[in-house]
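Asker: Let's see this in three dimensions:
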Amino acid sequence: MAEPAKFSPLSELRIALPSLPLRLQEVGRFVAANDYDATTRSMRDLAAEAGADPAAFTRLAKAIGYSGWDELRAALTEARRPSQTSPFSARAKSRRHGPNADVALISDKLEAEAAGLPRISAHAIADAARTLHDAKRIWITGYRSCRSVAELLNYELRLFRPEQVQIVGASGPDDLDLGAFRPDEAVIVIGFMPYTNASVRVAQAAYRAGATLIAIADSVAAPMAEGADHVLLFEAASSPGFFPSLTGAIAIAQSLAAATFLLGGTAAKKRLQDTEARLAATSTYVSEKG
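Answerer: The predicted model follows:
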């Protein structure tokens, strides 16, 4: 006998709504309308925005057959996970029609990018920056498209801490660096869905070594964020287009560098000035014409 079709968690929620108590219906509609936030933000944050008691989210999950909010959130996260064989083409929508379809797509994308930035937690970044300031060494890793974010953060931090910042695998095989992590160091791992196995291995190595793990990720449920001391969230999936957005990740990286520099005080400024002097001496930049 064929197994009955399994509904998605959002479908289960919508089917159950009419039979729920009025207050749980309101919370359920909030979750259904904000399923991305439900997978990336804490229950307390969601409750504050919904004007509800955090315990209402647990009661909602149990009312539709889950053991609690964590299990429902995990199901919502899994439902949003793209196919491993087509993580990007699965995001592509049907071709828009009309003379300004391309402009409309770009406008929607820019609007989504701008809307996501204010939802990044400045307090979380400031806490992580204090960790970087105290760390004896900072390791950074990002694979595939996230390599660009890792390179940017590495460049900015090395302008004033050149001896203490390194990209994992920059000077040889990754596994040699994984064995070099120490408890007084910080390891930054950057990633979004679909997550690379390599990023998970780096995060696990940092955790085992007792190093402070900082994850820049699109979800608290990201496998490379498991056990992290700091999780800095950005929105990757909400922007239209075939490829997820890295705008938030770049903003976090640059904010981390700026805050870490500020904490470094006069010593950081002096190192930055030394770097600028060296760049000027080697004529790195095009001279401005008077």
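Asker: so where is the chain shaky, pLDDT-wise?
Answerer: The chain contains residues with pLDDT under 70 at 1-7, 80-98, 289-290.
Asker: Next, find the distance separating Arg41 from Leu132.
Answerer: 24 Å (CB to CB, to the nearest Å). Heads up, the C-betas are built off the backbone N, CA and C, glycines and all.
Asker: any residues touching the one helix or strand Glu49 maps to, and which ones?
Answerer: Per DSSP states H and E: Glu49 is located in helix 43-50. Residues outside helix 43-50 that contact it (CB atoms under 8 Å, 6 or more residues apart in numbering) are 26-27, 30-31, 34, 37-38, 53-54, 56-58, 69.
Asker: next one: that helix to chain centre, how far?
Answerer: Relative to the centre of its chain, helix 43-50 is centred 19 Å away, using CA atoms, centre = their mean, to the nearest Å.
Asker: Next: stretch 21-37.
Answerer: On CA atoms, centre = their mean, the centre of stretch 21-37 falls 24 Å from that of its chain.
Asker: likewise stretch 218-234?
Answerer: 7 Å.
Asker: For it, buried residues please.
Answerer: 218-225, 228-234 (16 or more other CB atoms under 10 Å).
Asker: Now do that stretch: distance from first to last residue.
Answerer: Using CA to CA, to the nearest Å, one end of stretch 218-234 lies 5 Å from the other.
Asker: before we move on, the earlier item: who has more neighbours out of Arg41 and Leu132?
Answerer: Leu132 (25 against 20; other CB atoms under 10 Å).
Asker: residues in contact with that one?
Answerer: 138, 157, 186, 214, 256, 260.
Asker: Export these to JSON lines and append columns for secondary structure, distance to Ala249 and neighbour count.
Answerer: Output for the contacts of Leu132, formatted as JSON lines (DSSP: H, G, I helix; E, B strand; the rest coil; distance: CB to CB, whole Å; neighbours: other CB atoms under 10 Å):
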{"residue": "Ile138", "secondary structure": "strand", "distance to Ala249": "17", "neighbour count": "26"}
{"residue": "Leu157", "secondary structure": "helix", "distance to Ala249": "15", "neighbour count": "22"}
{"residue": "Ala186", "secondary structure": "strand", "distance to Ala249": "17", "neighbour count": "25"}
{"residue": "Ile214", "secondary structure": "strand", "distance to Ala249": "12", "neighbour count": "32"}
{"residue": "Leu256", "secondary structure": "helix", "distance to Ala249": "11", "neighbour count": "26"}
{"residue": "Thr260", "secondary structure": "helix", "distance to Ala249": "17", "neighbour count": "26"}
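Asker: Could I get the phi/psi values of the most centrally placed residue in the chain?
Answerer: What sits nearest the mean C-alpha location of the chain, by CA atoms, centre = their mean, is Ala217, with 2.0 Å. Reported as degrees, to the nearest 10, the phi and psi values for Ala217 are phi -140, psi 170.
Asker: Please name the bridge partners of it.
Answerer: Counting by DSSP bridges, Ala217 is bridged to Gly191, Leu233.
Asker: my read: it touches Leu232, true?
Answerer: Yes: Ala217 is within contact range of Leu232, at 7.4 Å (criterion: CB atoms under 8 Å).
Asker: count of neighbours near Gly169?
Answerer: 18.
Asker: all strands for the stretch 1-150 of the chain, in order.
Answerer: Applying DSSP state E, counting those that start in this stretch to the stretch 1-150 of the chain gives strands spanning 138-142.
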